[in-house]
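Asker: Sharing a sequence plus its predicted fold:
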Amino acid sequence: MPTSKIPATDRNMADNTAADCSVFIVSYNTREILARCLEHLFASNSGISMEVFIVDNDSKDDSVDMVRERFPQVILMPMDWNMGFARANNAAFARSTGEFVILLNPDAFVEPDAIAQALSFMHEHPKAAACGGLILDDHGGKAPSARRFPTSFAKFCRMWGLADRFSGSPIFDKHDYRNSDLSQPMQVDWVPGTFTVIRRKALADATLFDERFFMYYEETDLCLRLQRQGWEVWFVPSVRVMHLGGASAKTVKKDFDSSGSQVSGWRLRSEYLYFRKNFGLAAVLMHAGIEISRHWVRIFLNSLRKGEEAARKKTDSRRKAQLCQEALADTGYGSVSPKVPW
């Protein structure tokens, strides 16, 4: 297994003065998109003392050389193995000084004054541990930005079509806050790590990110722990960020779910780890059972039909049911994290 030793950064901070914020970008084979991300980031900075860390998880596309040549102001942390999202952010935290930490995906582009507005909000709300902004897709459409904690009932309603059939229902359509007024700041369960501002003290009090999560569910788990400690999490719609989605995940030669811009097997592993850690074995079995049973029903129904589309759906569901079973086995029903990298 690769060593967890963290290599030295390309440069040290010029002095010991704390920055207003520390931006963490975890990159893996995102060279060109990462360059755009950094261009937007530095263009948005208006008088803010900002230190930018890039933790490169052993990219093979010359991302490290690009950053060294084009963005010498960045604090670069090149790794010789892929340590995942949680470990990478924890490594950057150990070297950072900012009063606030900003998680930023390499395929996310902040709009002008987004960071200034987010920091202003955090200063005005001392009980806020974290806040996130309005995430837009590359066509300007609104992407899920204010999130509810996942539950087995919400998963059942979503997978079996009840959330869509009864859209707007306060009972069946509670997967996210899509029926809420998102034009004003509001407290939410969690916000995506695409762009998240976190108070340094709160993150330290929560003992950082749980490193059993290689990718996915890290921010969900963190927000749950923060709120259990009495902190607040907020959605701030005036803070706008464009997100392409899945830039690193698309470079992984595994089962990629384009609808969610995720590697399906990794998502399932983290899902089961999250539920076992926070809610016990019964929650894992319930959550997995909902998804597996849905796929087997889909297999049965499409077995009664003819044609290429029915065959495709049957094959797709068979593979997804298999991924669920593999993830349960790989994680010991959510009790252990598989060897890193996944």
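Answerer: Perfect, I can see it now. Residues are numbered from 1 along each chain as shown.

Asker: For whatever helix or strand I299 lives in, which helices and strands make contact with it?
Answerer: Here I299, judged by DSSP states H and E, is contained in helix 281-303. Helices and strands touching helix 281-303, as assessed by 3 or more C-beta pairs under 8 Å, 6 or more residues apart in numbering; DSSP states H and E, comprise helix 152-159, helix 264-279, helix 308-330. For every residue, glycine as well, the C-beta is placed using N, CA and C.

Asker: So for stretch 160-170, first residue to last residue, what's the gap.
Answerer: Terminal residues of stretch 160-170 lie 17 Å apart, using C-alpha to C-alpha, to the nearest Å.

Asker: What are the buried residues along that stretch?
Answerer: Residues L162, A163 are the ones in stretch 160-170 that count as buried (16 or more other C-beta atoms under 10 Å).

Asker: contacts for it?
Answerer: By C-beta atoms under 8 Å, 6 or more residues apart in numbering, the residues outside stretch 160-170 that reach it are A154, F156, C157, F172, D173, K174, H175, N179, R294.

Asker: Quick one: buried ones out of the residues you listed?
Answerer: A154, F156, C157, F172, D173, K174, H175, R294.

Asker: What pLDDT is listed against the spatially closest residue to the last one that is not a sequence neighbour?
Answerer: Leaving out its chain neighbours, the residue that sits closest to R294 by C-beta to C-beta, 6 or more residues apart in numbering is M159, at 4.7 Å. At M159 the predicted local confidence, pLDDT, stands at 92.

Asker: just so I have it, where are all the strands in the stretch 101-250 of the chain?
Answerer: All strands of the stretch 101-250 of the chain, identified by DSSP state E, counting those that start in this stretch, fall at 108-110, 128-136, 186-187, 195-199, 232-243.

Asker: tell me the mean pLDDT over the shortest one?
Answerer: Rounded to a whole number, the mean pLDDT of strand 186-187 is 97.

Asker: Kindly report the same for the first one.
Answerer: When the per-residue pLDDT values of strand 108-110 are averaged, the result is 96.

Asker: which neighbours does it have in its sheet, and in what orientation?
Answerer: Strand pairing for strand 108-110, determined by DSSP bridges: strand 232-243 (antiparallel).

Asker: Could you count how many residues lie near G140?
Answerer: Residues lying near G140 (other C-beta atoms under 10 Å) number 7.

Asker: Now R267. Nearest residue, chain neighbours left out?
Answerer: Nearest in space to R267, with sequence neighbours left out and distances taken as C-beta to C-beta, 6+ apart, is Y216 at 4.9 Å.

Asker: can you check G84 too?
Answerer: F214 (3.8 Å).

Asker: Centre of the chain to stretch 77-97, how far?
Answerer: How far stretch 77-97 lies from its chain's middle: 15 Å, per C-alpha atoms, centre = their mean, to the nearest Å.

Asker: And for stretch 83-101?
Answerer: How far stretch 83-101 lies from its chain's middle: 14 Å, per C-alpha atoms, centre = their mean.

Asker: ok, now stretch 144-154?
Answerer: Using C-alpha atoms, centre = their mean, the distance from the centre of stretch 144-154 to the centre of the chain it belongs to is 14 Å.

Asker: From start to finish, how long is it in a straight line?
Answerer: For stretch 144-154, the first-to-last residue distance is 15 Å (C-alpha to C-alpha).

Asker: May I ask you to confirm that W81 belongs to a helix?
Answerer: No: counting by DSSP: H, G, I helix; E, B strand; the rest coil, one finds W81 to be coil, located in no helix.

Asker: can you tell me which residues contact H125?
Answerer: C131, E232, W234.

Asker: what's the answer for K313, then?
Answerer: Neighbouring residues of K313 by C-beta under 8 Å, 6+ apart: R298, N302.

Asker: How about L328: what's its closest non-neighbour residue?
Answerer: A288 (5.8 Å).

Asker: Run a quick neighbour tally on the one you found.
Answerer: As a measure of burial, A288 has 22 neighbours, counting by other C-beta under 10 Å.

Asker: Surely S44 and I115 touch.
Answerer: Yes: counting by C-beta atoms under 8 Å, S44 touches I115, with 5.8 Å between them.

Asker: Those two: which has the busier surroundings?
Answerer: Taking other C-beta under 10 Å, S44 and I115 do not tie; I115 has more neighbours (27 against 18).

Asker: what about stretch 43-54, average pLDDT?
Answerer: On average, stretch 43-54 scores 91.

Asker: Domains of the protein: list them as residue ranges, please.
Answerer: Domains of the chain are assigned by automatic domain parsing as 21-146+182-251, 150-175, 256-330.

Asker: which stretch among those comes nearest W342?
Answerer: Judged by C-beta to C-beta, the one of these that comes nearest to W342 is domain 21-146+182-251, at 4.6 Å.
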